[in-house]
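In: Provided below are the primary sequence and the corresponding predicted coordinates.
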Amino acid sequence: MITEVSRPGDEIRETVQSDYAVLKRRIQEAGLLEKRPGFYAFSITTNLVVFFGCLAVLFVVKQVWAQALIAVVLGIISGQLGFQLHDSGHRQMFKSNWKNALVGLVTADALLGMSYGWWVQKHNRHHGNPNNVDLDPDIDVGAIAYTHEQAMARRGAGRLLAMYQVYFFFPLTTFLAWSMHVTGATYLIKEDSRYRRLEFAMLAAHAAIYLGAMLYFLGPWSALMVVLIHKGVGGAYLASVFAPNHKGMLQTDSSNRLDFVRTQVLTARNICGHPLTDFWYGALNYQIEHHLFPGMPRINTKRAQPIVKQFCAERGIAYHETTFLQSYRELLGFLNEVGEPLRTAKAHS
């Protein structure tokens, strides 16, 4: 549900300015902001072995059903590589910035075929302004309307899509990978990114090697099938992780900004932890903890949760955690609510 909030008073703002310092001190005392290079070395190695192992098997098998199944697995591995990119972009992995950047560039541009520079700047803007309808780039994403104003502004096919977007949401997620390819390349063309030339070279190499290998080993029709499944599953997987994190939670704008702690907590939704859930989400199911401490290694977010929950209880800050299935009920209910004014207008026209 879209919620309106009022601007805090000056005395409240002075009080809560110290909240983050108190919380951060507790997290630091627990040792949770320390880098975990050993974990990431193992994680990166595992991802690379599985990724290239799947490609090797794909290029050997001849049965179409087996190729399709491996393409699904490649889509899931691509999602795991996306978490690897995410963590490197937040400099969670290593103390040296160049090591984090190296992992990010190789993962994004060489392995996934998307721009590291584009993703980092976009994601940083999201972290600075989560669920802010004026500033969060993840709210203005084109196909889906996330506010009533966006829905009512749609015309033509876009208006029809927004009207029934609750039914189109999951099919549309299969196009996410393609959107990221195009948007990232467009960003590099138009913007002066730090690694611009290197990224262009790596993206070109990725396209040539990826598509060339698919065509050479599989032939045109099997290659087309594998690429479509790989990209479709990969995009849907990432969307399944990112969408429940914020959609349907508190929205703000330039007129009702909150302090840092409340902005990060109230705009985010946690998914109940479990080893399988933690793996599927890349630990981003601890979204509140991640937003409060984006540089915290993902393996530490679960241990940070009880500290953050206790702090929020002490300060009277609502901390929203729900189950995997309930998160999607809330997400789809929100999308249905946003499209409702359009359906009402149509019914009365």
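Out: Good, I have the coordinates.
In: which stretches of the stretch 201-349 of the chain form helices?
Out: Ranges of helices in the stretch 201-349 of the chain, per DSSP state H, counting those that start in this stretch, are 220-246, 260-266, 275-281, 287-292, 301-315, 324-348.
In: deepest of those, which one?
Out: helix 287-292 (a mean of 26; mean count of other C-beta atoms under 10 Å). All C-beta atoms are positioned from the backbone trio N, CA, C, and that covers glycine.
In: show me what that helix is packed against.
Out: On a contact count with 3 or more C-beta pairs under 8 Å, 6 or more residues apart in numbering; DSSP states H and E, helix 287-292 meets helix 260-266, strand 270-271, helix 301-315.
In: wait, which of these is closest to Leu335?
Out: strand 270-271 (17.7 Å; C-beta to C-beta).
In: ok, the closest one: who's next to it in the sheet?
Out: Using DSSP bridges, strand 270-271 pairs in its sheet with strand 321-322 (parallel).
In: returning to that earlier point: now mean pLDDT too, for the helices and strands packed on helix 287-292, in JSON lines please.
Out: JSON lines is the format used below for these (pLDDT from 0 to 100):
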{"stretch": "helix 260-266", "mean pLDDT": "95"}
{"stretch": "strand 270-271", "mean pLDDT": "96"}
{"stretch": "helix 301-315", "mean pLDDT": "96"}
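In: the ones you listed: which one's closest to Ser43?
Out: Here helix 301-315 is closest among the helices and strands packed on helix 287-292 (C-beta to C-beta), at 14.2 Å.
In: what is that closest one packed up against?
Out: Applying 3+ C-beta pairs under 8 Å, 6+ apart, we find helix 301-315 packed against helix 19-29, helix 260-266, helix 287-292.
In: list of residues touching the second one?
Out: This points to helix 260-266. Contact with helix 260-266 is made by 5, 16, 19-20, 23, 130, 249-250, 252, 257-258, 288, 291-292, 308, 312, 315, 317-319, as judged by C-beta atoms under 8 Å, 6 or more residues apart in numbering.
In: likewise stretch 306-313?
Out: 19, 22-23, 26-27, 30, 32, 265, 288-289, 292, 317-319.
In: try it again at 7 Å.
Out: 23, 26-27, 30, 265, 288-289, 292, 319 (C-beta atoms under 7 Å, 6 or more residues apart in numbering).
In: over to stretch 69-76?
Out: With contact meaning C-beta under 7 Å, 6+ apart, stretch 69-76 is reached by 54, 57-58, 226, 229-230, 232-234, 237.
In: ok, stretch 267-278 next?
Out: So stretch 267-278 is in contact with 130-131, 244-246, 249-250, 281, 285-288, 291, 302, 320-324, 327, going by C-beta under 7 Å, 6+ apart.
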